[in-house]
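Undergrad: model this:
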Amino acid sequence: MAVNPRHDRDRQGVFTIARTSSPTAIVVDDQRWLASALAERLSLDGFQSVVAGSAAEALSVFDNQAYDVAFIDLALPDGNGIDLAGEFKKRQPQLMVVLITGFAASRDDPSLGSTSVDVVLPKPWAPRELESIIRRVRDTQ
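TA: Model prediction:
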């Protein structure tokens, strides 16, 4: 699934990213089937999602639009999900970042240190965990 961003030109001729009325997500996971399944699930709640299979791919599409939430796998083939979360937060500070991991971790895990991660979603996740995140994103819109 991809989102087609709409760009507007401001008075100084600078392009800005227009927000859509639907919540938006970027899902970054090298397991494409899992990323696609998560994007499909989000679409049931009205989200428009972009799927990326690597940090490089995610960075190449990230600046095309503003996102409400990013779901990022901890272990990517070309980088670390925590580092990617930090880069995303630099570019869009209001972004909610959800770290997806099969390793035992929680937001309070000391190994995460002071990161840009807002929520940790364990693999496999329970439906209620994902629904809680979806509610949180909608509440901040």
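Undergrad: Next secondary structure after the helix or strand residue 56 falls within?
TA: Assigned by DSSP states H and E, residue 56 falls within helix 55-62. Following the chain from helix 55-62 toward its C-terminal end, the next helix or strand by DSSP H and E is strand 69-73.
Undergrad: What mean pLDDT does that following strand get?
TA: What strand 69-73 shows for mean pLDDT is 97.
Undergrad: quick one on the thing from earlier: so what touches the helix holding residue 56?
TA: 26, 28, 50, 52, 72, 76, 78-81, 83-84, 87-88, 91-92 (C-beta atoms under 8 Å, 6 or more residues apart in numbering). Bear in mind the C-beta positions are built from the backbone N, C-alpha and C, glycine included.
Undergrad: Kindly recompute the last result at 7 Å.
TA: Residues from elsewhere that reach helix 55-62, judged by C-beta atoms under 7 Å, 6 or more residues apart in numbering: 26, 28, 50, 52, 76, 78-79, 84, 87-88, 91.
Undergrad: between these, which is closest to residue 139?
TA: Checking these against residue 139 by C-beta to C-beta gives residue 26 as the nearest, at 19.4 Å.
Undergrad: ok so the closest one is a helix residue?
TA: No: if the criterion is DSSP: H, G, I helix; E, B strand; the rest coil, then residue 26 is strand and not within a helix.
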